[in-house]
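[1] Attaching a predicted model along with its sequence, questions to come.
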Amino acid sequence: MESIKDYINTHKDRFIQELIELLKIPSISADPAYSEDVWQTAKAVEESLVNAGCDHVEICETKGYPVVYAEKTIDTSLPTILVYGHYDVQPPDPMDLWKSPPFEPVIKETELHPHGAIFARGACDDKGQFFMHVKAVEFMIKNDLLPCNVKFMIEGEEEVGSDSLADFLEEHKEKLKNDIILISDTGMIANDIPSITTGLRGLSYVEVEVTGPNRDLHSGIYGGAVPNPINILGKMIASLHDENNHITIPGFYEKVEELSQDERAEMAEAPFDLEAYKKALDIGDVHGEKGFTTPERYSIRPTLDVNGIWGGYIGKGAKTVIASKAYAKISMRLVPNQDPDEITDLFAKHFESIAPKGVKVKVMPHHGGLPYVTKTNSVGYQAAAKAYETTFGKKPVPERTGGSIPIVALFEEVLGSKTILMGFGLDSDAIHSPNEHFGVWNFLKGIETIPYFYKYYTELAKTS
């Protein structure tokens, strides 16, 4: 595996250019207007896996966007690693906040990325990160260094809840059979502080609609006499947290896993600079549930956040109107033992119960996912830790993070497989936000590190 550095140095310009070409395609799964682009991206991923040297590559149709599947089998008696990633991306809005067009990738130096970072939607989440695996496997195949079997499953609906993937897993259990699943859709603490994600929060995502009068009304003639859905929605949302930022939905915390003081103390050993955190976000102070630190708030505690709110007139100039309807999109991040279906039901019942008689409320569930925790004494974690230590020169820090990858829990349920999360992005990479980027150093470091996971996992699996 030591020759990986030479291989990267020889081919890095090609690797980066191939990623840039992939990032140019606007594979926005949430917007049907980009359907052809999503399919085009699937075909580009298929081509990259063929070029990497996989024996069998195919685009598998689903009820939604396709899954790109590939495999390279060298010996059925050896372990099989299944690599999961997604080629779809978040919408780039708001467009006016991008410093360069989201689908015209550029490389720019930044304070955290002196070697340059690729700025584009999907650069880190997840095109850049799954493409590291394609290039790492290319290296191993081309140099006859692949120590075990590998399969790829790259999907196109992760950003809209992976609606088609459950059926795909059920229908292709034998094809997807594996010993462990490897994902890079997370990050690490810093370029000089490698970390492995050991916990993900679950998710319940809903949209709410509040309806008042049967049409938009003149705010002068009717103002003060009829219920205003926007005003009422604002009050209803505000009531979902108390003065300690504790969520007020009855039963919401009933099954929440409470970590011991020892576990919380162990978490606190991970480096975290509160002042640097505030400075990076340009905020005067942090905010959250009383009694918990910032890292605890975004990792081991459940949350409720409004992701979008609208209604009435929002165009230029003035229009004095009381809107007939108001809407909001709300996400709840969940922790171990919380079930997304139960939480969605609790939310719906509570939200409907607090609505005044003058309005009608509709709660529309979107998608959700279960939380996930990886044990640090597993073979997969030990192999990943050893891989990071080999290329970074120091042991990685186990870290629970606040994001959600709903498919991880489904993998275990349907395929019986554990997942290892080896992310190489940084919190500052602005995923889901304008000016998303991925460090060139991080991209290449991932390609360097991943082959060692294959090596160590194969060795440890033989002795476990």
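    Nice, thanks for sending it over. Numbering: from 1, shown residues only.
[2] per the record, what domains does the chain have?
    Recorded structural domains for the chain (assignment: automatic domain parsing) are 4-200+371-463, 202-256+302-369.
[3] Kindly present these as a markdown table, with separate columns for distance to Lys290 and mean pLDDT.
    To be clear about C-beta, it is placed using only N, CA and C from the backbone, and glycine gets the same treatment. Converted to a markdown table, these look like this (distance: least, CB to CB, whole Å; pLDDT from 0 to 100):
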| stretch | distance to Lys290 | mean pLDDT |
| --- | --- | --- |
| domain 4-200+371-463 | 18 | 96 |
| domain 202-256+302-369 | 4 | 97 |
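[4] Relative to Ala270, which of the ones you listed is closest?
    Closest approach to Ala270 among the domains of the chain (CB to CB): domain 4-200+371-463, 5.1 Å.
[5] Quick one: end-to-end distance for the closest one.
    Taking CA to CA, to the nearest Å, the first and last residues of domain 4-200+371-463 lie 25 Å apart.
[6] Show the residue spans covered by the helices in this protein.
    Assigned by DSSP state H, the helices in the chain fall at 4-23, 35-52, 127-142, 165-171, 219-222, 229-238, 261-267, 274-281, 294-297, 340-353, 379-392, 407-415, 440-463.
[7] So what touches the fifth one?
    Contacts of helix 219-222 from elsewhere in the structure, counted by CB atoms under 8 Å, 6 or more residues apart in numbering, are Pro213, Thr320, Val321, Ile322.
[8] Between those residues, which sits nearest Ser184?
    Val321 (47.8 Å).
[9] Arrange the domains of the chain in a markdown table, one row each, with mean neighbour count and distance to Met267 as further columns.
    Output for the domains of the chain, formatted as a markdown table (neighbours: other CB atoms under 10 Å; distance: least, CB to CB, whole Å):
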| stretch | mean neighbour count | distance to Met267 |
| --- | --- | --- |
| domain 4-200+371-463 | 20 | 7 |
| domain 202-256+302-369 | 16 | 13 |
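[10] Looking at those domains, spot the one closest to Glu296.
    Across the domains of the chain, closest to Glu296 is domain 4-200+371-463 (CB to CB), at 9.1 Å.
[11] Centre of the chain to that closest one, how far?
    Averaging C-alpha positions (CA atoms, centre = their mean, to the nearest Å) puts domain 4-200+371-463 11 Å from its chain's average.
[12] just to revisit the earlier point, columns distance to Ala268 on top of the domains of the chain, output as TSV?
    Putting the domains of the chain into TSV (distance: least, CB to CB, whole Å) gives the following:
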stretch	distance to Ala268
domain 4-200+371-463	12
domain 202-256+302-369	17
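[13] Let me know which of those domains is the nearest to Glu266.
    Once these are compared by CB to CB, domain 4-200+371-463 is nearest, at 8.7 Å.
[14] that older thread, which among the helices of the chain is found nearest to Leu203?
    Comparing the helices of the chain against Leu203 with CB to CB, the closest turns out to be helix 340-353 (6.3 Å).
[15] Now do Pro271, the pLDDT please.
    On pLDDT, Pro271 comes in at 89.
[16] how about the domains of the chain, which one is nearest Lys278?
    Set against Lys278 and scored by CB to CB, the domains of the chain come closest in domain 4-200+371-463, at 13.0 Å.
[17] For Leu334, give the beta-bridge partners.
    Under DSSP bridges, the beta-bridge partners of Leu334 are Gly202.
[18] so it makes contact with Leu203?
    Yes: contact criterion CB atoms under 8 Å: Leu334 and Leu203 qualify, at 6.5 Å.
[19] Which neighbours do these two have in common?
    By CB under 8 Å, 6+ apart, Leu334 and Leu203 have these common neighbours: Pro340.
[20] Format the helices of the chain as JSON lines; extra columns: distance to Ile154.
    Converted to JSON lines, the helices of the chain look like this (distance: least, CB to CB, whole Å):
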{"stretch": "helix 4-23", "distance to Ile154": "11"}
{"stretch": "helix 35-52", "distance to Ile154": "5"}
{"stretch": "helix 127-142", "distance to Ile154": "6"}
{"stretch": "helix 165-171", "distance to Ile154": "11"}
{"stretch": "helix 219-222", "distance to Ile154": "51"}
{"stretch": "helix 229-238", "distance to Ile154": "37"}
{"stretch": "helix 261-267", "distance to Ile154": "32"}
{"stretch": "helix 274-281", "distance to Ile154": "31"}
{"stretch": "helix 294-297", "distance to Ile154": "31"}
{"stretch": "helix 340-353", "distance to Ile154": "24"}
{"stretch": "helix 379-392", "distance to Ile154": "20"}
{"stretch": "helix 407-415", "distance to Ile154": "12"}
{"stretch": "helix 440-463", "distance to Ile154": "15"}
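[21] Out of these, which is closest to Asp192?
    Within the helices of the chain, the stretch nearest Asp192 is helix 379-392; the backing value is 8.0 Å (CB to CB).
[22] angle of that closest one against helix 4-23?
    Calculated by axes from the mean of the first three to the mean of the last three CA atoms, to 10 degrees, helix 379-392 forms an angle of 100 degrees with helix 4-23.
[23] ok, and what's touching helix 379-392?
    180, 192, 194, 196, 198, 374-376, 394-396, 398, 418-420, 422, 445, 448-450, 452-453, 455-457, 459-461, 464.
[24] Would you mind telling me which of the domains of the chain is nearest Glu275?
    Among those, domain 4-200+371-463 sits nearest to Glu275 (CB to CB), with 14.8 Å.
[25] Of all the helices of the chain, which one comes closest to Pro101?
    Nearest to Pro101, of the helices of the chain and by CB to CB, is helix 4-23 at 11.1 Å.
[26] Which residue is the nearest non-sequential neighbour of Val440?
    Leaving aside its sequence neighbours, Val440 sits nearest to Gly116 (CB to CB, 6 or more residues apart in numbering; 4.6 Å).
[27] Check which residues of stretch 270-290 are buried.
    For stretch 270-290, the neighbour count (16 or more other CB atoms under 10 Å) marks Glu289 as buried.
[28] End to end on that stretch, go ahead and measure it.
    The first residue of stretch 270-290 is 21 Å away from its last residue (CA to CA).
[29] what's next to that stretch, contact-wise?
    189-190, 193, 195, 244-246, 293-295, 297-298, 301, 397, 399, 427-428.
[30] at 6 Å what do you get?
    Ile193, Asn244, Asn245, Thr294, Pro295, Arg297, Arg301, Val397, Glu399, Ser428 (CB atoms under 6 Å, 6 or more residues apart in numbering).
[31] Mind picking the two most distant members of those?
    For the contacts of stretch 270-290, the farthest-apart pair by CB to CB is Ile193 and Asn244; their separation is 31.6 Å.
[32] Show me the one of the helices of the chain that comes nearest Pro66.
    The closest of the helices of the chain to Pro66 is helix 35-52. By CB to CB, the value is 5.0 Å.
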